[in-house]
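Engineer: The sequence isn't on hand, but the structure is:
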């Protein structure tokens, strides 16, 4: 039971983190107008 709950929790958390990373990669700072330096793994998530 515990291991199944742990797997489900990790699965949900990983989906949330991936969606957050995708949003961060495809946006820039609203006030300054630039995008900070990103890791190479995050650059692969860009849509353009």
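Structural biologist: That came in fine, so what should we check first? Nothing here was measured: the structure is a model prediction, and the numbers come from that model. Numbering: from 1, shown residues only.
Engineer: mind listing the helices for the chain?
Structural biologist: Using DSSP state H, the helices of the chain run over 2-25, 40-43.
Engineer: In a markdown table, list those along with mean pLDDT and mean neighbour count.
Structural biologist: Just so you know, the C-beta spots here come from the backbone N, C-alpha and C atoms, and that holds for glycine as well. Formatted as a markdown table, the helices of the chain follow (pLDDT from 0 to 100; neighbours: other Cβ atoms under 10 Å):
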| stretch | mean pLDDT | mean neighbour count |
| --- | --- | --- |
| helix 2-25 | 88 | 10 |
| helix 40-43 | 72 | 9 |
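Engineer: per-residue confidence for residue 29?
Structural biologist: Here, the pLDDT recorded for residue 29 equals 65.
Engineer: do the same with residue 36
Structural biologist: Reported pLDDT for residue 36: 64.
Engineer: Nothing else from me, thank you.
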